[in-house]
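1. the following comprises the amino acid sequence and a computationally predicted model.
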Amino acid sequence: MAPWASDWIGKYKGAPLCVVRPGSTEEVARIMAQAHETGTPVVPVGGNTGLSGGTHAEGAIALSLDRMRTIREIKPAARLAIVEAGVVLEQLHEAVSEHGLSFPMTFGAKGSCTLGGMLATNAGGSNVLRYGNTRDLCLGLEVVLPDGEVLNLMSELHKDNTGYDLKDLFIGAEGTLGVITGAVLKLSPTPRAFATAMVAAPGLDEALGLLNRLQEATGGAVEAFEYMPGAYVDAHIAKTGARAPFEARHEVNILVEIGATAPRDAVPGPDGSIPVAAYLEEVLGEMLEQGGVLDAVIAQTDAQRAEMWARREAAAAVCLGRQPLVNNDISVPLDQVGAFFTRMESVLPRLDPGAEALSVAHLGDGNIHYTVYPTDTALSDTVTQAVEDVVAELGGSFSAEHGIGLSKKPSMARRKNPVALRVMRQIKAALDPKGIMNPGKVLPD
C-alpha cells in the first residue's frame, strides 16, 4: 500500500484501510455498493500527483483507477475521445496524435496524472489560454454514485439543454460526490507548426500588451504565455545546470507559444520561413523598437523549443524542493497580476523579514503559483491569510487549478461565500447521505 500512503510532495501520510484496484465500471459499482452498505469511507485516487491532499486516505478504502486505462474509442470525424478514468494524459496525447489530433491540455505531470484526477480537480495547465480548463474539454461523464448506481452522462452532444447539467457537479468535486470512471473528451487539430520564444519584457504590463498584440496578429492562436521571474530562472539554473534564456539577466521572462493549424500560417514560404514564426518575429521586432520588449529568442529547432518548455515544466521540482513552504495556487484578473506581486513585495517582509518567495504564473489566464518559504512554520497560516487578503482585494480566488483537498479547507471557511457553502453541503448530503465519499475534503468542517 506504500504508493497510496503518501501524497506526491510527502505532506500527507497515512495508511489506507486497504487499496482496491478495479478494472471496470462494474467493479467500481460493486465496491461502492458494499462501502455504502457498511458505511466505509472511500477515497478515489488517480495518478496521486495532486498538491492539496485530496487523496489522503487514512482509515479509508483507497480506490485506485490505475487499471482502468482503456481508450474506448477515438472518433476523428467528431473530434472526440471516449476514455476510462485511469488513462494517463500522455497516453491520450500519443493515441490521438496518430489521427492528427490533440487533447490540448498539458502540464509537468502529464506522464503520471490521469484523466479522472484531472476531471476531479478541473485541472488547468499551460494551454488554458486557448482551450480552457478540463471542464471546457469534457462533453460527457460516467460516474459511480456513493450507493453504487452508475450515472451515465456519456453524451457526445455539444448542445443538450435537458435540465441541470449534472456532469459539472462532479467535475472539480474532488471525488466527494462520486467516482468518475469514464469521459467523453473534445479533441482539437494538432497545430501544423509552432512558433515558440523566450521574451524579456520591462514589466508585466508590457508583457500583457505583447499578449494582446500577438492575439490580434494570430487570430487568437496563442497557446501558452508563461511568466518566469528572474528569481525562478536563477533557481532553475542552480538546480538543473541549464543555460540561461538570455545573455543578460532579466526580471520578467516570458515563454510564448503560438500554434498554427491553417496551412496559410504553417506551410513554409519560398524562402523557407514559416508564416506563424514570421508573425511572431514581426511583432517582437516592432516591440523591441518601441521598448515593450528587451530581448527575445525564437526557437529554430524542436530541441530549442523543448529546452524552453523544460525550463517552465520544471517548476514543481524547482519550487517545491524546499521546506518549510507555503504553496499558493491563486488567480487574479489579468491586469492585476503585476499589482499582486507589487503588494506582496511590501506585505511579506512585514510578516516575516527573512521569508523568500519563488513564483511562476500562467500569465495568459491570471493563475499564479506563489511559493513562500517562511523562516518559521508557525508563520505559515499568517502568510497564507495575507496572500488571501491581497487576492481578495484584487478580485481574485485563493484556488485556481490544484483543488481544495485538505490544505485549502481553512481558506474555504474564511473566504467562500456562506450561501455557496450551504448549497454545497446540501448537494453533498443529497448525493452522499452517509458521507462516505472522500470524507473531510473540500468542505470546511
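-> Thanks, I have it.

2. so who does the residue nearest to residue 149 when sequence neighbours are not counted touch?
-> Leaving aside its sequence neighbours, residue 149 sits nearest to residue 29 (CB to CB, 6 or more residues apart in numbering; 7.3 Å). All C-beta spots, glycine's among them, are computed from the backbone N, C-alpha and C. Residues near residue 29 by CB atoms under 8 Å, 6 or more residues apart in numbering: 144, 148-150.

3. pull the CA atoms of the helix or strand containing residue 29 into CSV?
-> Following DSSP states H and E, one finds residue 29 within helix 25-38. Taking Å, rounded to 0.1, in the frame of the first residue of the first chain, the C-alpha atoms of helix 25-38 are listed here in CSV:
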residue,chain,number,x,y,z
THR,A,25,-17.0,0.4,-14.0
GLU,A,26,-19.0,-2.6,-12.9
GLU,A,27,-16.3,-3.5,-10.3
VAL,A,28,-16.3,0.1,-9.1
ALA,A,29,-20.1,-0.1,-8.7
ARG,A,30,-19.9,-3.3,-6.7
ILE,A,31,-17.2,-1.8,-4.4
MET,A,32,-19.2,1.3,-3.8
ALA,A,33,-22.4,-0.6,-3.1
GLN,A,34,-20.6,-2.6,-0.4
ALA,A,35,-18.9,0.5,1.0
HIS,A,36,-22.3,2.2,1.1
GLU,A,37,-23.9,-0.7,2.9
THR,A,38,-21.2,-0.9,5.5
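
4. what average pLDDT does it get?
-> Per-residue pLDDT over helix 25-38 has a mean of 98.

5. what's the first helix or strand after it?
-> Past helix 25-38, the next helix or strand by DSSP H and E is strand 42-45.

6. can you list contacts of that next one?
-> 4, 16, 31-32, 35, 55-57, 60-66, 116-117, 120, 146, 175, 179-180, 436-438.

7. sorry, back to before: in the helix holding residue 29, which residues are buried?
-> 25, 27-29, 31-33, 35-36 (16 or more other CB atoms under 10 Å).

8. circling back to that earlier point, for the contacts of residue 29, which entry has the maximal number of neighbours?
-> Neighbour counts for those peak at residue 144, which has 28 neighbours (criterion: other CB atoms under 10 Å).

9. now do the contacts for that residue.
-> By CB under 8 Å, 6+ apart, the neighbours of residue 144 are 25, 28-29, 32, 150-151, 178-179, 181.

10. who's it bridged to?
-> residue 150, residue 179 (DSSP bridges).

11. quick one on the thing from earlier: would JSON lines of the contacts of residue 144 with distance to residue 96 be doable?
-> Listed next are these as JSON lines, based on distance: CB to CB, whole Å:
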{"residue": "25", "distance to residue 96": "22"}
{"residue": "28", "distance to residue 96": "25"}
{"residue": "29", "distance to residue 96": "28"}
{"residue": "32", "distance to residue 96": "30"}
{"residue": "150", "distance to residue 96": "26"}
{"residue": "151", "distance to residue 96": "26"}
{"residue": "178", "distance to residue 96": "26"}
{"residue": "179", "distance to residue 96": "25"}
{"residue": "181", "distance to residue 96": "20"}
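
12. quick check, nearest of those residues to residue 278?
-> Closest approach to residue 278 among the contacts of residue 144 (CB to CB): residue 181, at 46.4 Å.

13. any idea how many residues pack against the closest one?
-> So residue 181, with other CB under 10 Å, has 25 neighbours.

14. in the chain, which residue is most central in space?
-> Nearest to the mean C-alpha position of the chain, by CA atoms, centre = their mean, lies residue 124 at 2.9 Å.

15. tell me where the stretch 151-300 of the chain has helices.
-> Applying DSSP state H, counting those that start in this stretch to the stretch 151-300 of the chain gives helices spanning 167-170, 204-218, 230-240, 263-266, 275-290.
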